[in-house]
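# The following comprises the amino acid sequence and a computationally predicted model.
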Amino acid sequence: MASEVKLKRGTFQHVESEIYAYHETKQEIVRLKNEILYASPEPNRTGGGRSNIPGNPTERTATLLVTHRKIEQMERITEAIESVVERLPEEKQRLVKLYYWTKPRTLTWDGIAQRLNVSRITAIRWRDEVVYAIAEKIGWR
């Protein structure tokens, strides 16, 4: 699972921040989609040119959902995280949950390694493999 190409430090940290924020990102995607779906219709324009957004409200909403860049980027990242984490062995999934998704995190690397019945170095190596796999799936280097 480990990539041959070394990630830049900033990229590694960015991937980690996306893993940390995974649940908040999922909530933000839902919020943004609801904002688009339940937004009030645009007021009638007087004068000026025609809009490039379809006149039908249903088509307009569908177009906004499909072309919303922020939603698209967040979905790409969360899908990469889900895809990688789902395919991990159970003990590596536990590592992700303990290290990234338990809030507040009270365990050190030593504590996490002890919970997983592995050495501290093995736990850190597993973390690196997960981050590299997610970065590769997203297409970051």
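Thanks, I have the structure now. In this text, all values refer to a predicted model and were calculated from it rather than measured experimentally. Numbers count the residues shown, from 1 in each chain.

# distance between stretch 88-95 and the chain's centre?
18 Å (CA atoms, centre = their mean, to the nearest Å).

# Could you pull out the helices in the protein for me?
Using DSSP state H, the helices of the chain run over 9-20, 22-37, 57-67, 69-87, 90-96, 109-116, 120-138.

# and the first one, which residues are buried?
Same thing as helix 9-20. By neighbour count, with 16 or more other CB atoms under 10 Å as the criterion, the buried positions of helix 9-20 are 11-12, 14-16, 18-19. Glycine gets a C-beta too; all of them are placed from N, C-alpha and C.

# ok, so of the residues you listed, who is nearest residue 78?
Closest approach to residue 78 among those (CB to CB): residue 18, at 8.3 Å.

# so what's that closest one closest to, chain neighbours aside?
residue 77 (5.2 Å; CB to CB, 6 or more residues apart in numbering).

# do the same with residue 93
Excluding its sequence neighbours, the residue lying closest to residue 93 (CB to CB, 6+ apart) is residue 85, at 6.0 Å.

# And the pLDDT for the one you found?
On the pLDDT scale, residue 85 is placed at 98.

# And for it, the neighbour number?
Residues lying near residue 85 (other CB atoms under 10 Å) number 19.

# need the buried residues of helix 9-20 in JSON lines with distance to residue 118 and pLDDT, can you?
Shown next, in JSON lines, are the buried residues of helix 9-20 (distance: CB to CB, whole Å; pLDDT from 0 to 100):
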{"residue": "11", "distance to residue 118": "26", "pLDDT": "95"}
{"residue": "12", "distance to residue 118": "21", "pLDDT": "97"}
{"residue": "14", "distance to residue 118": "26", "pLDDT": "96"}
{"residue": "15", "distance to residue 118": "22", "pLDDT": "97"}
{"residue": "16", "distance to residue 118": "20", "pLDDT": "97"}
{"residue": "18", "distance to residue 118": "25", "pLDDT": "97"}
{"residue": "19", "distance to residue 118": "19", "pLDDT": "98"}
